[in-house]
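Peer 1: Need coordinates for the following:
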Amino acid sequence: MYTTSRLRESRLLCILFSNSLVQRTMRATRNSSTHRREAMARRALRWFVGALLVLLMVVVVGGVWFIRRPWPQTEGTLTLEGLQAPVTVLRDAHGIPYIYAENEHDLFFAQGYVHAQDRLWQMDFQRRVGLGRLSEILGEATLETDMFLRTVGTNRAAQQDYENASDATKAILQAYADGVNAYIATHRGRYPLEYRILGVEPEPWSPVDTLAWAKMMQWDLTNSFRSELLYAQLLDALGSERAAELFPGYTPGALTILREEDLSLGTPDFEAVERALAKAGLLLDGVAQGWGSNNWVVAPSRSETGRPLLANDPHLAFGTPAIWYLMALHAPTYNSTGATLPGIPGVVIGHNERIAWGMTNLAADVMDLYIERLNPDNPNEYEVNGEYVPFEIVHEEIRVKGRAEPVVVDVKLSRHGPLVNDVLDLEQPVAMQWLATAQPNTLIDAMYPVNTAQNWDEFRAALQNWDAPMQNFVYADVDGNIGYYGAGKVPIRANGVGDTPVPGWTDEYEWVDFIPFDELPHTFNPARGYVATANHKPVPDSYPYYISTFWSTPNRARRIEEGLTAKERLSLDDMAAIQADIVSIPAQQIVPHLLAVQTDDIIAQRAQDALREWDYRLDADSAAAGIFEVAYWKLIEATVADDLPEALRDDYLAQTHRHYQFMEWLLQQPADNAWWDDQTTPEQETRDDIMARALAATVEWWGRQQGDLVHEWTWGRLHTTTFKHNVFGDISPLNRFFNVEAGPTPGDNQTPNANSFVFGNSFAVRGGPGYRELFDVGNWDASRVVITVGQSGHVFHPHYGDFAPMWLTMEYAPLPWTREAVEAAATQRLELRPQQ
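Peer 2: Numbering: from 1, shown residues only. Just a heads-up that it's a prediction; the model follows:
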């Protein structure tokens, strides 16, 4: 409804506008020769102003009505076909819904309905990504993405997962889909604004749509694809020894999640592949290669409250709407609250009445690339152990907005998976084997028992069905127990590792089994009283199985562990301080070398003065932070640019976890290590020479950008966050309304408050902590949470971007648990009633 206060504001605007117009017109008529002509002009003016006032009122009221019409009903009573019993939906001041149902069917039905109320466009968009159907509504711009995903087969895998799901899982998926469809069916003509702009309408939701979006989450958390391709190119360009130095697996003795005492147990040229994947990468990339997440759990013996403490902040690509949606689900046999994913039933990360859990990406290597040999006489056959066998050929039809006929993609399926070169126009036949599509997945089967587990044994049993993506789970319960489990399927390869593309025509590189569940990394009630994960290596070198080489640096983990061991006993405020930590370990390693540079340049000396007084915090208003970040970029460029082919430089710089590890290793080597030498000059450069170059290049770059006032070289001038809309984010003028600006942002890829970017002339934030949770386990009403932008996906809605300022300044919203606390926090009540 258009409120009285809004009408008053609109009338005031119209009156001010019309009075201004009257004044201007009256001045123009003062020189009229006769009183009669003046009177006629006044009468005409009054009529004109009156008509204009009415027109403006119509425009303002109509515009507000147009914008607000899609907003959901969040108070009163609604009657819905499909419900079995009444459901109550309470919302708090931040728009967080708390659903109370009498049975599980109605609980998941209501969750689907509420998700659709606030995020229907996002859900529709995401399922189209997973199904390879974006081009139906967006046209040619997304055709390459659709072709790539149809070839990979996320749509086929989603259907396969549904057919393989248990009856109980199918019932949950169907109840959820029925709730979404109840909203779609009753809101024709009132769909979100994106549908109006694009001239489309949502189709009914199906259980397979949920599973298709789950596939894209698995893709987003699979990190080996580009790394394998890049490593193959580096091997070809540099040889095995130098390529291995650029791609360090892990420094011996570096920090790992588990300690020893915790353990229970001829390359082809792929440059064209990488270029093509970069084009197809629209909408698929997470946070480039700066991905990360943090979680940790503290035992009662280390806690001020005498209860376990649990913290989590998963990092994904930023956008609008937020990828996460806060929600509480309550029924007699199911009680869970925390972060949900619109389109997927249940709670992904959160707590129930007895346990809490958090997740980070374990970065397991669950994807391999195989070079296949084709039959020279029949391109529809390929070699397997000396014999030619036929490909299975799948015909995929892609409808494209603006085209009369669909685009047909013939996908050739080998025993390892689809040939990706068919869709990317490459000469080399390369097949992709990915765990998420190679066999039916049981991820959704695992979510329900995780949400309802009451103790460690039940939680551990639930994780046996969690196959992909592999995650670092931290756990705590009201009995005072804490634990960690690295859950997911990890292939055991015949040749041991899978870090480069391999021949597909023999059995020498096949997946022969999976690491047994009981032998996956895990610990329960460790003696040190805490477990922390930050995408770093989970196991020491003595672990008997290959999991991956794609770990993040241990820098975030080091800072987290420093925070966890700084005090004998920790509070929830201490957990919040660790999540907010922006101290840079790379800066601590590199700045002393920059300060050792001898220079006569007065501006460079001022830059060194700023670094000398710096506390290594990457605050947005810190000039020293801005100087260091540009200096690091210039340092890594000056170190490797002369060694790498030009086509590989940007690709390597995008692998942030790789070159941070490389630089840490290189700084421990002699100052005359060959990597420091610039091969384009006759001289033999050393570390000090390259440091001097990096400092000079930094001063020159900042001078061009901002002038010679060093105190204005602040990190926040470069490192800003804009949460971009998934379609209109770069389309002017729509982006002015659909994007949410957060502004200058602290931290970087290597700090616990990890706001990631891609190295280059732009340091704009691409992703980071999309959700933060802090739990004092058992004192559930003290829980704290926040997401990036807002609960609502409706542009202009009060909850479209209201979390953004809180997220930026490390504030939290309460997430009450008891019914009494929820009722006290509720600002809106919606009663859902079954149709009689």
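Peer 1: For the residue most central in space within the chain, what are phi and psi?
Peer 2: Centroid-nearest residue in the chain: residue 316, 1.7 Å away (criterion: CA atoms, centre = their mean). The phi/psi pair for residue 316 (degrees, to the nearest 10) reads phi -140, psi 180.
Peer 1: Apart from its chain neighbours, what residue comes closest to it?
Peer 2: Nearest residue to residue 316, sequence neighbours excluded (CB to CB, 6 or more residues apart in numbering): residue 770, at 5.0 Å. C-beta coordinates here come from the backbone N, C-alpha and C atoms, glycine included.
Peer 1: can you tell me which residues contact that neighbour?
Peer 2: 313-316, 318, 322-324, 787-788 (CB atoms under 8 Å, 6 or more residues apart in numbering).
Peer 1: Check the burial of residue 533 by counting its neighbours.
Peer 2: Residue 533: 30 surrounding residues under other CB atoms under 10 Å.
Peer 1: scratch that, residue 494 is what I was asking about
Peer 2: Neighbours around residue 494, by other CB under 10 Å: 14.
Peer 1: now swap in residue 760 and tell me
Peer 2: Considering only other CB under 10 Å, residue 760 is surrounded by 12 other residues.
Peer 1: where does residue 721 fall, phi/psi-wise?
Peer 2: phi -120, psi 130.
Peer 1: how far away is it from residue 119?
Peer 2: Counting by CB to CB, to the nearest Å, the gap from residue 721 to residue 119 is 21 Å.
Peer 1: Over to residue 455?
Peer 2: Using CB to CB, we find residue 455 at a distance of 33 Å from residue 119.
Peer 1: what's the answer for residue 67, then?
Peer 2: Distance from residue 67 to residue 119, by CB to CB: 17 Å.
Peer 1: So which of those two has more stuff around it?
Peer 2: Between residue 67 and residue 119, counting by other CB under 10 Å, residue 119 is the more crowded of the two (24 against 15).
Peer 1: ok, residue 750 touching residue 589?
Peer 2: No. Here residue 750 lies out of contact with residue 589, judged by CB atoms under 8 Å, at a distance of 10.5 Å.
Peer 1: neighbour-wise, which of the two wins?
Peer 2: Between residue 750 and residue 589, counted using other CB under 10 Å, the more crowded position is residue 750 (27 against 15).
Peer 1: for the more buried one, what are its contacts?
Peer 2: Shown in contact with residue 750 (CB under 8 Å, 6+ apart): 553, 555-556, 584-586, 660.
Peer 1: Helix, strand, or coil at it?
Peer 2: Per DSSP: H, G, I helix; E, B strand; the rest coil, the local secondary structure of residue 750 is coil.
Peer 1: ok, now residue 107?
Peer 2: Look at residue 107: counting by three-state DSSP, its state is helix.
Peer 1: separation between it and residue 114?
Peer 2: According to CB to CB, residue 107 stands 11 Å off from residue 114.
Peer 1: where do the contact lists of these two overlap?
Peer 2: Taking CB under 8 Å, 6+ apart as the criterion, residue 107 and residue 114 both touch residue 99.
Peer 1: Which of the helices or strands spans residue 169?
Peer 2: Per DSSP states H and E, residue 169 falls inside helix 167-186.
Peer 1: which strands and helices sit next to that helix?
Peer 2: When contacts are defined as 3 or more CB pairs under 8 Å, 6 or more residues apart in numbering; DSSP states H and E, helix 167-186 packs onto helix 104-131, helix 207-220, helix 443-452.
Peer 1: and this protein, what are its domains?
Peer 2: Per automatic domain parsing, the structural domains of the chain span 4-68, 585-616+623-713.
Peer 1: so what pLDDT did the residue nearest to residue 370 when sequence neighbours are not counted get?
Peer 2: Ranked by CB to CB, 6+ apart and with sequence neighbours excluded, the top spatial neighbour of residue 370 is residue 504, at 3.2 Å. We have a pLDDT of 95 for residue 504.
Peer 1: and residue 504, how many residues sit next to it?
Peer 2: 26.
Peer 1: so who does it touch?
Peer 2: Residues counted as contacts of residue 504 (CB under 8 Å, 6+ apart) are 370-373, 382, 414-416, 431.
Peer 1: moving C-terminal of the helix or strand hosting residue 79, what's the next helix or strand?
Peer 2: Using DSSP H and E, the element containing residue 79 is strand 76-80. Proceeding N to C from strand 76-80, the next assigned helix or strand is strand 87-92, under DSSP H and E.
Peer 1: Just want the angle from that next one to helix 104-131.
Peer 2: On the basis of axes from the mean of the first three to the mean of the last three CA atoms, to 10 degrees, strand 87-92 is oriented at 70 degrees to helix 104-131.
Peer 1: what sits up against strand 87-92?
Peer 2: 74, 97-102, 106-107, 109-110, 114, 813-814, 816, 822-823, 825-832.
Peer 1: From those, which land in strands?
Peer 2: Judged by DSSP state E, strands contain the following of the contacts of strand 87-92: 97-101, 813-814, 826-832.
Peer 1: And those, which is closest to residue 475?
Peer 2: Nearest to residue 475 out of the ones in strands among the contacts of strand 87-92 is residue 814 (CB to CB; 23.0 Å).
Peer 1: give me the beta-bridge partners of the closest one?
Peer 2: Judged by DSSP bridges, the bridge partners of residue 814 are residue 784.
Peer 1: Run a quick neighbour tally on it.
Peer 2: Per other CB under 10 Å, the neighbour tally for residue 814 reads 16.
Peer 1: That one reaches residue 825, doesn't it?
Peer 2: Yes. Applying CB under 8 Å, one finds residue 814 in contact with residue 825, separated by 6.8 Å.
Peer 1: Please tell me how far the nearest residue to residue 825 once chain neighbours are set aside sits from residue 331.
Peer 2: Leaving aside its chain neighbours, residue 825 sits nearest to residue 92 (4.5 Å; criterion: CB to CB, 6+ apart). Counting by CB to CB, the gap from residue 92 to residue 331 is 20 Å.
Peer 1: Return the distance of the helix or strand containing residue 243 from the chain's centre.
Peer 2: Assigned by DSSP H and E, residue 243 belongs to helix 240-246. Counting by CA atoms, centre = their mean, to the nearest Å, helix 240-246 is centred 30 Å from the centre of its parent chain.
Peer 1: Check the closest residue to residue 183 other than its chain neighbours and give its pLDDT.
Peer 2: Excluding its sequence neighbours, the residue lying closest to residue 183 (CB to CB, 6+ apart) is residue 116, at 3.8 Å. At residue 116, the model reports a pLDDT of 99.
Peer 1: ok, now which ones touch residue 116?
Peer 2: Contacts for residue 116 were tallied using CB under 8 Å, 6+ apart; they are 123, 179-180, 183-184, 205.
Peer 1: With that, I have no additional questions.
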